[in-house]
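*Asks:* fold the following and give me the result.
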Amino acid sequence: MRIAFPAAALAIITQSSSCLAFTSAPKSSSSFLTTSNQRCNPSTILHAIGLGPSEKIKAEIRQKELDLEKVVWVGPGPRDTRQSSVDLKTDAWYAALLGDAIDNRDRVGDGMFEDTSSAQLVSQELFREINEPDVYTEFPPKKPTKEGAMEYGFTRYYNRRLPDTPWLPPFGIEKYGIVMPRRGAEAWKQFDLTGLVQQEYEHLPESYGMDLELSEKDVKVYRDELVKRGVFENEDEVSAQLVYVNGRFAPQLSIVSEEAYNLKEAPTDRPDLMKAFAQLPDGFTDAMPSEVGEMSEQQEEKQGQSIAHMSWPHHNVGPAASQFAINNQQGMACFAALNTLRTKSVTLIDVPAHKVVEKPIVIINAVSRGGGAKDVQEIKQRGEGVSFHPRLLVNAMPYSKVSIIQSSVDLFNEEVDENEVAQENPALYEDETFLPKFYNGYTQLLIRTNATVQHSYVDETGGMVTPNVESLDKDIRTKEANRAALKNTHFEVIDAHLTGGDAVYKSTVIEMGGNGRNRIGYTANILQPNQEVFLDAMVLTGGVQKSDIRTTLHHSGYKSVSKQQLKFMVGGRSTLSFRGRIRIEDEAQQTDADQLSRTLLLTDKARLWAIPSLEIAADDVKCTHGCSVSDLSDEELFYFKSRGINNIDGRKLQMYGFVRDVARSVDPVTFEKVKDRVFDRLNNIVYLGKRAIEQDFASI
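*Replies:* Numbers count the residues shown, from 1 in each chain. As a prediction, the model looks like this:
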């Protein structure tokens, strides 16, 4: 486009060493670039009229930046002094969980990846990822060309350093090379991070990593307790059932099969599985998992594709350790790495190609009062707790089909008086003392070409919250404040990779435990054409719980589909934070993505933060997201009253009707039991009083 400038009215911006001069061009001027007595800056003028700097100016700027990178000083002083006391405490808390992995580079942790030299490669790689900050991360990110040269990408969030200033890494990687939780970070703003790091969980269960041997009497006691909890299935209803107690495999309670078994040693003879064990979420493992077997030409082009360079060069997120990428992460990569370094046993579900597993595979992670620790009384006197790191890896080969039910449940009655020893079930009460527990789970799924996986995850640990804490009754509020399970923390990372075309992943997530802090990070990477992901999620909170759920649906495959339905019910004085992210790369054309979150705030004291988001780089997609927040309908309650149903029962019916769709999405084998347990939890958090505002309210 040709631009004409009136000579008499043209204002020329010229830059000197101390001021900006504005001059008018004379009529006889042949060029508006030379009318000022002061020397003009062509780059400034070109910027002013929207033409940008010349190639020569670009080259000069680029050379200056490269020169600056050579003289940058990175010292410990600026990295530490800008951290708050909570940040420093967080790093120390994480170091305690790592154990001797932080002090000994030759022996990095004591997990299952330490037995052989091949297995140690996984552990050592993660150790370097955690403990060696990438202090020379370049902005904007670079990508190698076919000729081997490095090309600059574009991002409007371009960070420049002033001369002679130290390079300061983004918040969260001041000490480690992987992002640590920070109270002011986007991923942790509403989470109780201060309460988390005040509680130590550095101890492990006794004989952690060894099978749990039980007597005949104890086997019956454990089985009866699991049946009472509603998670134990009959042998004729499942193809396999693996039971873990405090992170230890219980073979006498389990049923293994060719497809599902406990993995005690690293599978060094399976490079595909070893690579999966080293995979980290949030882009810290930059290469996407590869498909196995025969692949189409399009699939081969995407093998090991870099996450940092997707939608290059205008819309890529850049390196995982960059601030721009960190702002959109779930913040769970450090806990996935911790799980890999500290886990002792892994549940492996390896379904061969063309195999259809007719009956579901059940995984049960049970938790006892003392967490299986050895010196319970001594640990309690010091105010410390115990941690365990369950791991599940699902490898569904091409054209296979499997259904998985994964449950976390308590093995104790929370109402037991700690001053009395439970004589009737001594196996369950190895010590009457309750210890705070940190459950750090990591579930990985690799879903190959035309494979179908149905996955149901249900967490019920932490017992029941105290009902009616929203009232002004101090005794009720004191009882909830002193509830032992408030010191528990439950984390679960679910990381699914659909590596083959036409793969299907149907998932259900139900979080209704009574732990003080709950957090779920759910990620589905949709990498190939015609893949489908369905997520139904439900979170119930009450008492003074702090809960958090993060979902990320990453589309990079052509004509892929994702559907999310999330139902939240927040009662008592609890808080819930939700952030749902859908990212669609420029090559994922004709994607159909849908996300809907609906929330019932049951009391005036409950709090919710809901942040749905879309990042779309493609131009031919169908995407929707919605969020609603409301209370129970007075009109419906009036209808129940007209049919002889009181307010409390009417509210229970409304609450169950609200979450019924999610409960029905679990595997049919366990649906009836899950439905009953959900109803029990709803009865416990139902609002018994009157609202401050009697009319209905709902978000737009």
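*Asks:* what helix or strand does the spatially most central residue of the chain sit in?
*Replies:* Centroid-nearest residue in the chain: residue 521, 2.1 Å away (criterion: CA atoms, centre = their mean). Using DSSP states H and E, residue 521 sits within strand 517-526.
*Asks:* tell me the strands beside that strand, with direction?
*Replies:* strand 489-498 (parallel), strand 546-555 (parallel) (DSSP bridges).
*Asks:* following element in sequence after that strand, please.
*Replies:* Heading C-terminal from strand 517-526 (DSSP H and E), you reach strand 532-541.
*Asks:* and the angle for that following strand with strand 517-526?
*Replies:* 170 degrees (axes from the mean of the first three to the mean of the last three CA atoms, to 10 degrees).
*Asks:* for the stretch 201-350 of the chain, just list every one of the helices.
*Replies:* 216-229, 271-277, 297-301, 323-326, 333-342 (DSSP state H, counting those that start in this stretch).
*Asks:* what number of residues lie near residue 664?
*Replies:* When neighbours are defined as other CB atoms under 10 Å, residue 664 has 13 of them. (Glycine included, C-beta is placed from N, CA and C.)
*Asks:* still on that earlier bit, looking at the helices of the stretch 201-350 of the chain, which one is packed in the most?
*Replies:* Of these, the one with the most neighbours on average (mean count of other CB atoms under 10 Å) is helix 333-342, at a mean of 25.
*Asks:* shaky segments in this protein?
*Replies:* Along the chain, segments meeting pLDDT under 70 span 1-54, 58, 61-62, 64-82, 100-169, 292-304, 413-432, 691-700.
*Asks:* contact partners for the residue nearest to the centre of the chain?
*Replies:* Shown in contact with residue 521 (CB atoms under 8 Å, 6 or more residues apart in numbering): 281, 330, 331, 332, 491, 492, 493, 494, 550.
*Asks:* do residue 192 as well
*Replies:* For residue 192, the contact set (CB under 8 Å, 6+ apart) comprises 516, 517, 546.
*Asks:* contact partners for the closest residue in space to residue 243 that isn't next to it in sequence?
*Replies:* Leaving aside its chain neighbours, residue 243 sits nearest to residue 253 (4.1 Å; criterion: CB to CB, 6 or more residues apart in numbering). Applying CB under 8 Å, 6+ apart, we find residue 253 in contact with 214, 219, 222, 223, 226, 243.
*Asks:* the residues you listed: which two are farthest apart?
*Replies:* Across the contacts of residue 253, the longest distance by CB to CB is 12.4 Å; it joins 214 and 226.
*Asks:* in stretch 559-570, which of the residues would be classed as buried?
*Replies:* Using 16 or more other CB atoms under 10 Å as the test for burial, stretch 559-570 gives 559, 560, 561, 562, 563, 564, 565, 566, 567, 568, 569, 570.
*Asks:* what's the closest of those to residue 311?
*Replies:* Taking those together and measuring to residue 311 by CB to CB, the closest member is residue 560, at 15.1 Å.
*Asks:* doesn't residue 505 make contact with that closest one?
*Replies:* No. Using CB atoms under 8 Å, residue 560 makes no contact with residue 505, being 11.1 Å away.
*Asks:* okay, and the common contacts of those two?
*Replies:* 531, 532, 533.
*Asks:* doesn't residue 670 belong to a helix?
*Replies:* Yes. Assigned with DSSP: H, G, I helix; E, B strand; the rest coil, residue 670 falls within a helix.
*Asks:* distance of the residue nearest to it when sequence neighbours are not counted from residue 454?
*Replies:* Counting by CB to CB, 6+ apart, residue 405 is the residue found nearest to residue 670 once chain neighbours are left out, at 5.6 Å. In this view, residue 405 and residue 454 are 9 Å apart by CB to CB, to the nearest Å.
*Asks:* same thing with residue 352?
*Replies:* Counting by CB to CB, the gap from residue 352 to residue 454 is 18 Å.
*Asks:* who's more crowded, these two?
*Replies:* Neighbour count, other CB under 10 Å: between residue 352 and residue 454, residue 454 has more, with 19 against 14.
*Asks:* show me the contacts for that one.
*Replies:* Counted by CB under 8 Å, 6+ apart, residue 454 has contacts 402, 403, 404, 506, 507, 667.
*Asks:* now it, what's its secondary structure?
*Replies:* Applying three-state DSSP: residue 454 is strand.
*Asks:* beta-bridge partners for it, please?
*Replies:* residue 403, residue 506.
*Asks:* before we move on, back to that, how about the strands paired with strand 517-526, which one is nearest residue 63?
*Replies:* strand 546-555 (36.0 Å).
*Asks:* so residue 205 touches residue 386, yeah?
*Replies:* Yes. Residue 205 is in contact with residue 386 according to CB under 8 Å; the separation is 6.2 Å.
*Asks:* intersection of neighbour lists for these two?
*Replies:* 246, 371, 372, 373.
*Asks:* name the element residue 595 belongs to?
*Replies:* With DSSP H and E as criterion, residue 595 is part of strand 592-601.
*Asks:* what does residue 564 give?
*Replies:* Element membership for residue 564, per DSSP H and E: strand 561-570.
*Asks:* same check on residue 354?
*Replies:* Taking DSSP H and E as the definition, one finds residue 354 inside no helix or strand.
*Asks:* counting neighbours, what do you get for the closest residue to it other than its chain neighbours?
*Replies:* Distance criterion CB to CB, 6+ apart; nearest residue to residue 354, sequence neighbours excluded, is residue 399 at 4.7 Å. Other residues near residue 399 come to 18 when the count uses other CB under 10 Å.
*Asks:* verify the stated contact: residue 399 with residue 500.
*Replies:* No. Residue 399 is beyond contact range of residue 500, at 9.4 Å (criterion: CB under 8 Å).
*Asks:* need the overlap of contacts for the two.
*Replies:* With CB under 8 Å, 6+ apart, residue 399 and residue 500 have common neighbours 449, 450, 451.
*Asks:* how near is the first one to residue 637?
*Replies:* Distance check for residue 449 against residue 637: by CB to CB, it reads 51 Å.
*Asks:* more neighbours: those two, which one.
*Replies:* residue 449 (25 against 18).
*Asks:* doesn't that one fall inside a helix?
*Replies:* No. Using three-state DSSP, the secondary structure at residue 449 is coil, not a helix.
*Asks:* where does the nearest residue to it once chain neighbours are set aside land in three-state SS?
*Replies:* Once flanking residues are discounted, residue 449 sits nearest to residue 500: 2.9 Å by CB to CB, 6+ apart. With three-state DSSP as the basis, residue 500 sits in coil.
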